[in-house]
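# How does the following fold in three dimensions:
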Amino acid sequence: MRRGVLMNLLQQAAATLPLFIPKLGERPPPLCGAISAENSYIAKMGDLVAARVKERDGDENWILAEVLNFQSSTNKYEIMDIDEKEKSTRHQLSKRKVVPLPLMRANPETDPDAVFIKGDVVMALYPQTTCFYRGLVEIPPSGPREEYSVLFEDNSYADGYSPSLRVAQRYVVQVKETKRK
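Sure thing, here's the model as predicted:
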């Protein structure tokens, strides 16, 4: 699949993510907008996740991946890089290296607690790539179809952040801190 086609499919997937519409008094469930999955949650086969994988050069990066299965005996996911489907590169990852993506969009007008707020540190899919990077929410979505405006960490800028870039709710998740050795 050509890169441009993949990027268009990812945008379509974000735009068609169902919107959570609460019943009277109902709170948004886990994996709705900024609400994280519960610790016991297991992503299902075919779900998209942010996954921390080791590259050939030894660096670890957060990538957009598809869940192939979960082995409860080892507590590990088998995932495939969404950008390398033709190569069938599979990774075995512990549960702590996988962050499920939202399954529903949140409406900031009805559920403001289900969106990240200005200044929150997040991981977001950098536009036109399949990698997640740390960033700051500059402007949260104001409506159910709106995107986040994210300032990505970038040492090449004087203030340490890139100019703001638009990222769909589907691809903005809570930062998963990793222990340094």
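
# Would you map the strands across this structure?
48-54, 60-71, 76-81, 90-94, 98-100, 121-125, 131-139, 148-152, 165-167, 172-174 (DSSP state E).

# contacting residues around the third one?
Residues external to strand 76-81 that are found in contact with it (CB atoms under 8 Å, 6 or more residues apart in numbering): 43, 49, 51, 53, 63-71, 88-95, 98, 130. In this view, the C-beta of every residue, glycine as well, is placed from N, C-alpha and C.

# Buried residues in stretch 148-159, which are they?
Tyr148, Ser149, Val150, Leu151, Phe152 (16 or more other CB atoms under 10 Å).

# Can you name the residues bridging to the third one?
With DSSP bridges applied, Val150 shows beta-bridge pairing to Val137, Leu165.

# that older thread, buried among the contacts of strand 76-81? Make that a PyMOL selection.
The PyMOL selection below is limited to those of the contacts of strand 76-81 classed as buried (16+ other CB under 10 Å):
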select buried, resi 43+49+51+53+63+64+65+66+67+70+91+93+98+130
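
# ok, back up a step: tabulate the strands of the chain (TSV), appending distance to Lys23 and mean pLDDT.
Converted to TSV, these look like this (distance: least, CB to CB, whole Å; pLDDT from 0 to 100):
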stretch	distance to Lys23	mean pLDDT
strand 48-54	27	95
strand 60-71	30	95
strand 76-81	33	95
strand 90-94	36	94
strand 98-100	24	97
strand 121-125	28	97
strand 131-139	28	97
strand 148-152	26	98
strand 165-167	29	97
strand 172-174	26	96
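
# Distance-wise, check the residue lying closest to Ala34 once chain neighbours are set aside relative to Leu10.
Leaving aside its chain neighbours, Ala34 sits nearest to Phe116 (4.6 Å; criterion: CB to CB, 6 or more residues apart in numbering). Using CB to CB, to the nearest Å, one obtains 20 Å as the distance from Phe116 to Leu10.

# Done for today, thanks.
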